[in-house]
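Peer 1: make a model of this:
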Amino acid sequence: MQLATDSCAKKTRMTPGQFFLKHNTLIIFFILLIISSLASPSFLTKQNVFNVLRQQAPIVVMALGLLLVLLTGGIDLSAGSIAAVGGMLIAMMVNKVGNTVGSLFLSVIVMLVLGVIIGLIMGVLITKVKMPAFITTLAFMTIGRGAAYMFTSGQPVRLNKELPGALWLINFGSKTSPALGIPWAVIVYAVIIAIFAIVMKYTSFGRLIIASGSNAEAVRLSGVSVNKYITSAYMICSCMAVLGGILITARAAIGTPSAADGYEMDAIAGCVIGGTSLSGGKGKVGLTILGVFTLAMIGNIMNLLSIASYPQQVIKGLIIIGAVILQNLSSKKE
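Peer 2: The predicted structure follows:
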């Protein structure tokens, strides 16, 4: 009996290499955190930390939406363009009807519903019309960016600070909670992260989203509509993209058609660095957020060290390649 126990212990004991592959996102994040702290004394200052947290607000919420799409085995390249549309339209609406704070909340709800509708259209095209997700979302990326420029002939829309609704939105994007001392945008996406984490871990919706990407045929044979869950993922993703656009407008106090350009790539990269499989069925909320902030930390420390933007892009690309290689090695070990 003792020999059998020892044999099992030897089989289950994890080697350092296996431990690294299993927890590579967490390990890399903390290594970078230590290196960044040593490289610049400004890195861990309150001002810099809050600045990074605010900057990443739109990418965090977009990454959460994209996580669901990637879990189903899909892809969404339109998130950045949809964010630009949401940011432009919220600025225009608030300037038109922002006489009260209540009208601001109504405008936000209308924009989020618009995001859901856009996601529904994409989901139907992908699941019912059988258009490839890459082509569908690429088309919507082009449509969305063009629409953002068309709304105001390419001109930015500055929020009117004389309107209570516009002023409240600006304060939301730039100020901190008096009680907690944390930026309002950070509080909002922290709540959203918690909701996503609970839904993905403890609800049938979360489990079926994952199952739709890992074994869609088994889900179909069990009598569950896979198309419904795939479409839901795109609806949530577009809704989160619009929310990201609203957060950008709130922080900048201006809606611009070029906003969130490339943000969808940063969000997808954050998911991949966090261990999300591009073939679907594998990914976690917490690790996705770590992946987003790993990229953010790299960009921030290079900015603090006055490194030009072009080397930053090269380094980010290499990190994404490394993350995919680690993911493949981890999958082989499993």
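
Peer 1: so is residue 247 in a helix, a strand, or just coil?
Peer 2: helix (DSSP: H, G, I helix; E, B strand; the rest coil).

Peer 1: any idea how far residue 161 is from residue 276?
Peer 2: The gap separating residue 161 from residue 276 is 40 Å, by Cβ to Cβ, to the nearest Å. (Glycine included, C-beta is placed from N, CA and C.)

Peer 1: neighbour count winner among the two?
Peer 2: Counting neighbours by other Cβ atoms under 10 Å for residue 161 and for residue 276 shows that residue 276 has the greater number, 27 against 12.

Peer 1: residue 97 contacts residue 103, correct?
Peer 2: Yes: under the criterion of Cβ atoms under 8 Å, residue 97 makes contact with residue 103 at 4.6 Å.

Peer 1: what do the two both touch?
Peer 2: residue 165 (Cβ atoms under 8 Å, 6 or more residues apart in numbering).

Peer 1: so how many other residues sit close to the closest residue to residue 315 other than its chain neighbours?
Peer 2: Spatial nearest neighbour of residue 315, chain neighbours left out: residue 298 (6.4 Å); criterion: Cβ to Cβ, 6 or more residues apart in numbering. Neighbourhood size, residue 298 [other Cβ under 10 Å]: 17.

Peer 1: is it true that residue 298 touches residue 33?
Peer 2: No: counting by Cβ under 8 Å, residue 298 sits too far from residue 33 to count as a contact (10.9 Å).

Peer 1: name the residues contacting each of these two.
Peer 2: In contact with both residue 298 and residue 33: no residue, using Cβ under 8 Å, 6+ apart.

Peer 1: same for whichever strand or helix holds residue 195, what does it pack against?
Peer 2: Using DSSP states H and E, residue 195 falls within helix 184-202. Other helices and strands packing on helix 184-202, by 3 or more Cβ pairs under 8 Å, 6 or more residues apart in numbering; DSSP states H and E, are helix 46-55, helix 57-71, helix 164-174, helix 204-214, helix 226-252, helix 285-304.

Peer 1: for the ones you listed, give me JSON lines that also has mean pLDDT and distance to residue 328.
Peer 2: Output for the helices and strands packed on helix 184-202, formatted as JSON lines (pLDDT from 0 to 100; distance: least, Cβ to Cβ, whole Å):
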{"stretch": "helix 46-55", "mean pLDDT": "93", "distance to residue 328": "30"}
{"stretch": "helix 57-71", "mean pLDDT": "97", "distance to residue 328": "16"}
{"stretch": "helix 164-174", "mean pLDDT": "94", "distance to residue 328": "39"}
{"stretch": "helix 204-214", "mean pLDDT": "94", "distance to residue 328": "16"}
{"stretch": "helix 226-252", "mean pLDDT": "97", "distance to residue 328": "24"}
{"stretch": "helix 285-304", "mean pLDDT": "92", "distance to residue 328": "16"}
